[in-house]
Every structure is written in structure tokens, then in C-alpha cells.
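Novice: Sequence and predicted model, in that order:
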Amino acid sequence: MSENTENKKIKLDEIENPALVYAMYEMKDKKTKEAEAKFISELRRAIFITPAIVEVKGEDGEFRVADDSSQKGETRIQFMMLQNDKKEKFLPAFTSMEEVRKWRKEERFQTVICKFDQYINIVASDPEGPKGLAIDPFGSNILLARELLEGLKKAIDNKNNTQVFIADLKEHPEELESELKEFFDADGTVSQAYLQLMRRGEDVSYLLIVDNDLPENASEEEIKNIRKTLFDSIAEKIKPALNGRPFSIAGFSDEFGKKAVENREPFYTR
């Protein structure tokens, strides 16, 4: 969630976002898909300033406006909104204090700093909330409607859920490795094998990468059939040793397999 600027120890006048400001200019000037993609990319890297009312819960259970950033306790933040001629409310996000001062020159107001993904959650999660996000409303004035932010949130969530992370095993499953080694020795076609952990979203599984012998000039269909036979045999062999844990297998010669074992040592070598 958003945090008070001072608590993050970031000086307001040091927030400038030059890459985003330039991307905003290019998007409005060129109006191309490439410029839009660059703008979205820079949005997710930027840090914004938004005026707000920051309240801290006191010992009596009541929320009061924080006198300074050193006050401790449960915090409640109420963002200041801007309203257009149609009385639609937008959440302002300023790229610098210079842009903030175009709205209010006096500095006796509280601020919070947010990353773009936080604004997405604030706007897109409340259908009764602001109609969208206004970036530098008294300068470039880029308006991002709630529908657009909802689409971006969905795309980001999907990417996070499908993104794959590979990690080394902290504890080696001895029974599983023993079963695999026994199979490889008997099969004779596997030259190297790597055992890792794979996380995709919230799902965690074992990942086995095998480097196996293939006939010279084998077609893609032949390679596919050889691997399927090998992988199916491995899965059948180790099923009792998995104890119900999910398991995936990939070939070393695949792009994914090569990246997964980069700078890692095999647990099996023929």
C-alpha cells in the first residue's frame, strides 16, 4: 500500500521521472503503438507524488491527521481527487514536485508516493471510486480511464501468474534422486540430469531437465516421440517417490531447459 513520502526517506524534490516525461511527450507527438508501449513500460518504473490526507490511529482508537512522519500507528490515507466538468473524479499522479506546484504552490499539505501498480489497484479495485488516473493534470494531462487500468491490471496479474521461477533445491529428495539415477543407469540414453524447483504463480513443483541421446539428423517428430517415451517412462518410475508433489520434465536442448540449468551442476552424469 502507499506510504508517506518521508517514511520512505525520499526527498520530494528528487522525484523527477525524466524517462516517463519523455515517453509521454513522444506518445502524444507520434501517436504510434511503439510510443504507447514505451509509455506503459516507463509507467511501471516511475514513482509518483499524490497529495493526500494521512491520518494515524491514536491510543484512544480515533484517527487524526498526522502532525509529522514520525508518528507511529495504524495509518489511514485519503487521496485528494480532481474533478472534471462532468463532475467525474480522477486520482492525480504527479511526476515531480514542479508539477504538483502547478496545482498548489503552497507546500503545507501531505503527500504519499506510489508506484503505478499501486494506482492500478486503487482505481481498478473500486467500481464506485475514481474514473481513472490523471498524470500531471496541469501539464501533459494524460488521462487513463478505469477501464484501461482494469485491462492493465488483468494483464499484469496474468503475467505474474504465468511467470516461471527456477530455484535450487534446499534439501535434496534422496529417494527421488535415487530412483532417477537407477532409471538413468538402466536406460543408458541420459547423459546428464538436473533437478530443480519450479514456481509458476502459487504452484511449486519439481523440475527435471534431462540431456538424452538423439539420433543424428532426427526430425522434430522423431525427437518428440523419443522424448515422450522417455518422459513417460521416467514419470511412471518415480511416481511413488514423489509423495504427491507435482513434477515436470523438460529437455536440455530446449531453450527453456538450457536457461533453467544455466550455471547449475547436474545431480546425475553418465
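Specialist: Sure thing, it's come through. Residues are numbered from 1 along each chain as shown.
Novice: Identify each buried residue in whichever strand or helix holds Arg76, please.
Specialist: Arg76 is part of strand 75-79, with elements assigned from DSSP states H and E. Residues of strand 75-79 classed as buried: 75, 77, 79 (neighbour count, 16 or more other C-beta atoms under 10 Å). C-beta: built from backbone N, CA, C; applies to glycine.
Novice: the helices in the stretch 151-270 of the chain, which residues?
Specialist: 174-187, 220-242, 255-260 (DSSP state H, counting those that start in this stretch).
Novice: Need the contact partners of the shortest one.
Specialist: Read that as helix 255-260. Residues outside helix 255-260 that contact it (C-beta atoms under 8 Å, 6 or more residues apart in numbering) are 166, 194, 196, 198, 207, 209, 250-252.
Novice: Pro266: which of those residues is nearest?
Specialist: Comparing these against Pro266 with C-beta to C-beta picks out Tyr194 as the nearest, at 5.1 Å.
Novice: mind checking how far that closest one is from Ser253?
Specialist: Computed with C-beta to C-beta, to the nearest Å, the distance linking Tyr194 and Ser253 is 13 Å.
Novice: Ser205 now?
Specialist: 21 Å.
Novice: can you tell me which of the helices of the stretch 151-270 of the chain the model trusts least?
Specialist: When those are compared on mean pLDDT, helix 255-260 scores lowest, with a mean of 80.
Novice: check contacts around Glu265.
Specialist: Contacts of Glu265 (C-beta under 8 Å, 6+ apart): Tyr194.
Novice: Repeat the analysis, applying 10 Å as the threshold.
Specialist: 168, 192, 194 (C-beta atoms under 10 Å, 6 or more residues apart in numbering).
Novice: Same question for Pro246.
Specialist: Pro246 sits next to 198, 200, 203-207 when contact means C-beta under 10 Å, 6+ apart.
Novice: Generate a PyMOL selection restricted to the buried entries among those residues.
Specialist: Only the buried entries of the contacts of Pro246 go into this PyMOL selection, using 16+ other C-beta under 10 Å:
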select buried, resi 198+206+207
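Novice: ranges for the strands of the stretch 51-200 of the chain?
Specialist: Using DSSP state E, counting those that start in this stretch, the strands of the stretch 51-200 of the chain run over 63-65, 75-79, 82-83, 89-93, 111-115, 132-135, 142-145, 164-167, 190-200.
Novice: Which of those has the highest mean neighbour count?
Specialist: For the strands of the stretch 51-200 of the chain, the largest average neighbour count (mean count of other C-beta atoms under 10 Å) is found in strand 132-135, namely a mean of 24.
Novice: For that one, which helices and strands make contact with it?
Specialist: helix 18-30, helix 33-43, strand 47-57, strand 89-93, helix 116-124, strand 142-145, helix 146-162 (3 or more C-beta pairs under 10 Å, 6 or more residues apart in numbering; DSSP states H and E).
Novice: Mean pLDDT per helix and strand in the chain: which one sits at the bottom?
Specialist: strand 3-4 (a mean of 40; mean pLDDT, DSSP states H and E).
Novice: coming back round to it: Glu175: which of the strands of the stretch 51-200 of the chain is closest?
Specialist: Nearest to Glu175 among the strands of the stretch 51-200 of the chain is strand 190-200; the distance by C-beta to C-beta comes to 12.3 Å.
Novice: in the stretch 101-250 of the chain, which segments are predicted with low confidence?
Specialist: The stretch 101-250 of the chain contains residues with pLDDT under 70 at 106-108, 156-163, 201-202.
Novice: Now with 90, please.
Specialist: 101, 103-130, 145-176, 196-208, 212-228, 231-232, 235-250 (pLDDT under 90).
Novice: Export the strands of the stretch 51-200 of the chain as JSON lines, with columns for distance to Gly244.
Specialist: Shown next, in JSON lines, are the strands of the stretch 51-200 of the chain (distance: least, C-beta to C-beta, whole Å):
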{"stretch": "strand 63-65", "distance to Gly244": "48"}
{"stretch": "strand 75-79", "distance to Gly244": "43"}
{"stretch": "strand 82-83", "distance to Gly244": "54"}
{"stretch": "strand 89-93", "distance to Gly244": "46"}
{"stretch": "strand 111-115", "distance to Gly244": "38"}
{"stretch": "strand 132-135", "distance to Gly244": "45"}
{"stretch": "strand 142-145", "distance to Gly244": "45"}
{"stretch": "strand 164-167", "distance to Gly244": "20"}
{"stretch": "strand 190-200", "distance to Gly244": "16"}
